[in-house]
Structure formats: structure tokens, C-alpha cells
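Q: attaching a predicted model along with its sequence, questions to come.
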Amino acid sequence: MLALNNVEVMYDKVILVLKGLSLEVPDGRIVALLGANGAGKSTTLKAISGLLRTEEGEVTEGSVELDGVRLDRLDPSEIVRRGVFHVLEGRRVFEHLTVEENLLAGAHTRRDGGINGDLAAVYGYFPPLGERRSGTAGYLSGGEQQMLAIGRALMARPRLMLLDEPSLGLSPMLVEEIFRIIRRINQERGTTILLVEQNARAALGIAHHGFLMEGGRVVLEGPAETLRANEDVKEFYLGLTAVGEKRSYREVKHYKRRKRWLS
Amino acid sequence: MSPDLTLVLQLLIGGVAIGGVYALIALGFVLIYKATDVLNLAQGEMLLLGAYVSYGLIAQIGLPVPVAFLITLAFSIVLGITIERVALRPLIGEPAISVIMVTIGLAILLRSIVIGIWGTEYRVYPDVLPKESAQIGPLSVSLEFLWSFGIAMALVALFALAFRYTRVGIAMRAVADDQQAALSMGINVRFVFATSWVIAAIVSSIGGILLASIQGTGILLATLGLKALPVAIVGGLDSIIGAAVGGVIVGVLETLSAGYLDVPLGGGVRDVAPFVFLVLILLVKPYGLFGKERIERV
Ligand SMILES: Nc1ncnc2c1ncn2[C@@H]1O[C@H](COP(=O)(O)OP(=O)(O)O)[C@@H](O)[C@H]1O
Ligand SMILES: [Mg+2]
């Protein structure tokens, strides 16, 4: 199990972004971490994967633990070796490498001989990647690049995958396809998934449990079905009011949201 | 065959041979630029040091050539690691201009070390390559040229293949593309940086030995090393194939202009020609002949 206990994160020694964040990700589950832009979702994932330090960020309080072992003092490569793989926001494929080379880069920490089998497995999950395996990754479509980013993670055989906004910039149909595959990965391989999303509808559609973040803290948590039924979540994240009409959460006053979550 | 044609071919062969060595040196330059975004202006001095260390081991201490060669290689590896650790790692994230200044400082330091130990006078490098010539038709081709070219090109090909197909090669290219993403897959970016500097030091030393055995050992070798800069830029700065082609083009340009233009124009053209060519190429192809263009998707 992954556990964050009262984590505080500071950038550049002055900007406090996470203000005592706690969350748990039990083995084998899909956990959604939801929140608006700037809530601190990506920072949370970087605190887990150790990539904070590349951005002058630091866990200043609290701890990040995987099965009781502290991760927050380890190097990113050591964290990958322990089975935690961070799929960065914005896909970040190696544009000048081919699809297959990207996947091999994902397998960088592997020393066993199963890499060819895993390539085949990735092409099984994502057939478009197989068709373009020797094509340059920079020329893939957005959806294919997201597939490649997830495929690259699979190549490391992680036990825990951190996915940062896989739906970003994709058409609803593609989002549905990719989320279906995320669920399959979870079911077939038992991979635990921490799924960061702004698209709450899609995320809660496949998650078992969800956390809602605002201003560097968790403001609401619960089983996915409870969150789906929650009026606030419906209103502000699923884009539906009680009578079912579409509405942007920006239109609603901020204090009202806060108060209701806290009560 | 007319004497004119013979001369051209003779010059071409010399140019291609020297160009091959330039390509090897440019490879070091390209590697460092690709992986770490640093323009290493000390490449010429790394070459100088390699040439002199091997000179000292062979001519002054009297070690057999293969032994001296291995020790020089080991020395280069240590040199590459030391430079990366001491001079460059503390500068990660600093502005490019500071990093370039550091490489200039490094160049001066290495050059001073060489001058301090060996002085500035020209020395004849011991024969490590065969000095005879082979007669091919009317052309007499120096075996030394053939060997230098062969060794340099074999190494360039070896590195190009390693870059393409090995785990470390893919990791190096991944780091060149996106450092944070590379880090996120557990690639050790510091190791990749150190590896680039080690390879650069190795190819510089070998290039230095080849050039020294063709032209003798002198401080001017460092200037030859700096030719890696136009070679690499012509090739596109981040392309190994580009470095290879750029090296040969610059080598040929040099010998042809030395053969035909130096006399009417009063000498020195061979040193200017590559840079004139560089400017022309960049006017037409801003990313160099083989440089990767930014991939823009809409
Ligand atoms: N490298 C950084 N340095 C300073 N501030 C940062 C950095 N990265 C993010 N932040 C700030 O931290 C807050 C949370 O950002 P982020 O974690 O990216 O949010 P989210 O992923 O939820 O959109 C934002 O206010 C952002 O400006
Ligand atoms: Mg984010």
C-alpha cells in the first residue's frame, strides 16, 4: 500500500504547495485523485516518484511510504526499481525515438529476459503502437502518444502506476478507449493505479475510490460510487446540476463549494 | 590520367582521410551537446592532452605502442569523469553562457598543463601507423591515411550502432530528448552525462593520436581539434551521421583549398574555408545538414 501522511511540499524553499496532504492507495485498486487546475495533483505525484527534486521541490513535512518503506528520500531511479512508475502529464514521449525505442527506454531498469514478451503485451493492449513500432514517436497522434506513455510504463512492470491526466486533450471517444485499457491493466495485471484527473466523470467511471483536492489538501474522499452520487462532485466536476443541465463550476461561487465539502 | 586529375584525386584522398579523423572528434562534441546541451570548447585541448600523454608514454618512457595506447585510454576515461564531476555537474541548470565560459577555462587549463610539461616546440610523433605508400594506378596513397580513415570511421560506425541499439545508447538519446521523462523511467541522468564526457575524451584522444602521427605533435593540434565545431555544426550538431559527413566535407574542403587557393591567395585559406562553408550551409539549412528539426504537431 502507498500512503502519504501529512505531506507538505515546498518549491524553491518558499512556495508551499501541498499543505498536509494524506491519502492511501491500497494494492490492486484504482484510486482517482481529482481537482481543478493548480490544486497540487501533479505535485503530489512528483512527491511520490521523486521527480520533485528536478524542479527544486522538496517534501518538508510528513512522509511518503510504500509498504512502510519511506520513498521520499530515494532517487527517482531507485523508486522506479521499487515498482513505482510515474507517467508524466502531457505524455512526454521521446519525440525523436521510434515507438519501440520509447518502449525499450521504459524497460531501462529491467534486467530479466522478458522484454520481448512485454513488447508484445503492450502491442496487444495498444494495437496502433504495434502498427507504428518503427515510426518516430513525435509524429504519432495525441491519443497514440498517450498510449505510448502508458505502454512505456507497462514495460517497467510496475506494481503502482501514477497516471497524470491521461485524458488531457483527447476526444471523448479516445478517453473512453484509454480508460477502458487502464481498467484492463488493473484487472489483468493487478497493477495498482493512482489516477490524477480533471475529468472526474471518466476517472470515477473506472476508479474504486476517489480523493478530491483543493489548494494542496484533500477536501473530500470516498468510494467512487459515493462520489459519483455526491451533489458537489456532480455539480462541479461532472458538470451537471441537480436538474441535469450542463454547467461550468467556474460559474459557482468558490466559498460555497468549500463550505459544503467541509461540512 | 592527366597530372591535373591525379592531383585532385591525391588531394581528395588526403582530405577524406583527415576528414574522417575530424568526424571522430566531432562525434565527441556532438555527444556532449546532445546529452547535456553543453558546447564543449575544450574539445581541442582534450585532444591535445591525449596526443601528448601518448607521446610521453611512447617516445619518452619507451612503452610499447599497445600498452601506451591502453594507458592513454584509461587516462581519457579518468579525464572525462573528472571534468564532468568537478567542472560541469555543479553547473547543471546554470545559463548556457556560464557553462561555455567554464569550458573555455578548462581549455586554457588543459593547454597550460601540456605546455608546462612538454613546452611549445614541435615534436615528431613516433611511428604508430605504417608510413609506406601503396601505389594504386598513378596514385600513391599513404597507408597512414588509409589507416587513420579506417580507424576513425570504424569507431564512428561503432558508436553510431551502439547509440542506436544498446540500452545505454537508447538511454542517452532519451536524455537528449527529455531529461525529466528519462528520469521518470529510472534512467540515471548523471551516469549518462558522465558517459558522454568519457566517450568525448576517448574519441578526442584517439583523434589526437591519429592527427599527431600524421602531422606531428605541437600545440597547433588543439586548433585542429576545434575544427570539430564547424564539422559538428555543418552536420547538424546533434547527428552522428551529420558529424561523419561534415568531417569528410571539411577535410576535403581544406585540402582542396590548400592545394588550389593557398598559392594564388597567399596562404591560410585552408583554415578559413571550413568556416566560409559553414556560414553558407547555415544560410540554406539552419539546423545543419542532418540536424533534427523541431517536431511541431498541430
Ligand atoms: N516547479 C514549480 N515551482 C514552483 N511552483 C510550482 C511548480 N510546479 C507547480 N507549482 C505550483 O504549485 C501549484 C500546484 O501545481 P500542480 O501540482 O501542477 O497542480 P495540478 O497538477 O493540480 O494542476 C500551482 O500553483 C503551481 O503554480
Ligand atoms: Mg497537473
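A: Happy to help now that I have it. Numbers count the residues shown, from 1 in each chain, chains lettered A, B, ... in the order given. Ligands and ions are numbered 1, 2, ... in the order given.
Q: what stretches of chain A score poorly on pLDDT?
A: Chain A contains residues with pLDDT under 70 at A:235-263.
Q: could I get the phi/psi values of the spatially most central residue of it?
A: By CA atoms, centre = their mean, chain A has its centre lying nearest to A:Leu163, at 2.4 Å. Reported as degrees, to the nearest 10, the phi and psi values for A:Leu163 are phi -110, psi 120.
Q: now it, which residues is it bridged with?
A: Note on A:Leu163: beta-bridge partners by DSSP bridges are A:Val87, A:Leu195.
Q: quick check: it touching A:Leu194?
A: Yes: using CB atoms under 8 Å, A:Leu163 makes contact with A:Leu194 at a distance of 7.1 Å. The way it works is simple: take the backbone N, C-alpha and C, and place the C-beta from them, glycine included.
Q: chain A: strands as residue ranges?
A: Along chain A, counting by DSSP state E, strands occupy A:2-11, A:15-25, A:30-35, A:57-66, A:69-70, A:84-87, A:160-164, A:192-197, A:209-214, A:217-223.
Q: what residues does whichever residue of the stretch 1-150 of chain A sits closest to ligand 2 make contact with?
A: Of all residues in the stretch 1-150 of chain A, the one sitting closest to ligand 2 is A:Ser42 (3.2 Å; CB to the ion). Neighbouring residues of A:Ser42 by CB atoms under 8 Å, 6 or more residues apart in numbering or on different chains: A:89, A:164, A:196.
Q: and B:Leu221, by the same measure?
A: Neighbour list for B:Leu221: B:44, B:47-48, B:51, B:208, B:211-212, B:215 [criterion: CB under 8 Å, 6+ apart].
Q: next: B:Leu73.
A: So B:Leu73 contacts B:202, B:205 (CB under 8 Å, 6+ apart).
Q: tell me where the longest helix sits in chain A.
A: Taking DSSP state H as the criterion, chain A has its longest helix at helix A:172-189.
Q: helices or strands up against that one?
A: If you count contacts as 3 or more CB pairs under 8 Å, 6 or more residues apart in numbering or on different chains; DSSP states H and E, helix A:172-189 packs onto strand A:30-35, helix A:115-125, helix A:142-154, strand A:192-197, helix A:200-206.
Q: would JSON lines of these with mean neighbour count and distance to ligand 1 be doable?
A: Putting the helices and strands packed on helix A:172-189 into JSON lines (neighbours: other CB atoms under 10 Å in any protein chain shown; distance: least, CB to the nearest ligand atom, whole Å) gives the following:
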{"stretch": "strand A:30-35", "mean neighbour count": "25", "distance to ligand 1": "5"}
{"stretch": "helix A:115-125", "mean neighbour count": "16", "distance to ligand 1": "26"}
{"stretch": "helix A:142-154", "mean neighbour count": "24", "distance to ligand 1": "16"}
{"stretch": "strand A:192-197", "mean neighbour count": "25", "distance to ligand 1": "7"}
{"stretch": "helix A:200-206", "mean neighbour count": "21", "distance to ligand 1": "13"}
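Q: dump the ones you listed to CSV, plus distance to B:Asp271.
A: Output for those, formatted as CSV (distance: least, CB to CB, whole Å):
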stretch, distance to B:Asp271
strand A:30-35, 61
helix A:115-125, 50
helix A:142-154, 47
strand A:192-197, 57
helix A:200-206, 63
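Q: hmm, back to that, buried ones among the contacts of B:Leu221?
A: Buried subset of the contacts of B:Leu221 (neighbour count, 16 or more other CB atoms under 10 Å in any protein chain shown): B:44, B:47-48, B:51, B:208, B:211-212.
Q: about what we covered before: most tightly surrounded among the strands of chain A?
A: strand A:84-87 (a mean of 28; mean count of other CB atoms under 10 Å in any protein chain shown).
Q: and that one, anywhere near ligand 2?
A: No: with CB under 5 Å from the ion as the criterion, ligand 2 is not reached by strand A:84-87; the gap is at least 12.0 Å.
Q: so which residues on chain A come close to chain B?
A: Contacts of chain A with chain B, taken as CB under 8 Å from any CB of the partner chain, map to A:49, A:51, A:54, A:76-77, A:79-81, A:85-88, A:92-97, A:101-102, A:104-106, A:108-109, A:136, A:138-139, A:142, A:152, A:156.
Q: list the contacts of A:Ala107.
A: Residues in contact with A:Ala107 (CB under 8 Å, 6+ apart) are A:115, A:118, A:155-156.
Q: and B:Ala17, which of the three is it?
A: Using DSSP: H, G, I helix; E, B strand; the rest coil, the structure places B:Ala17 in helix.
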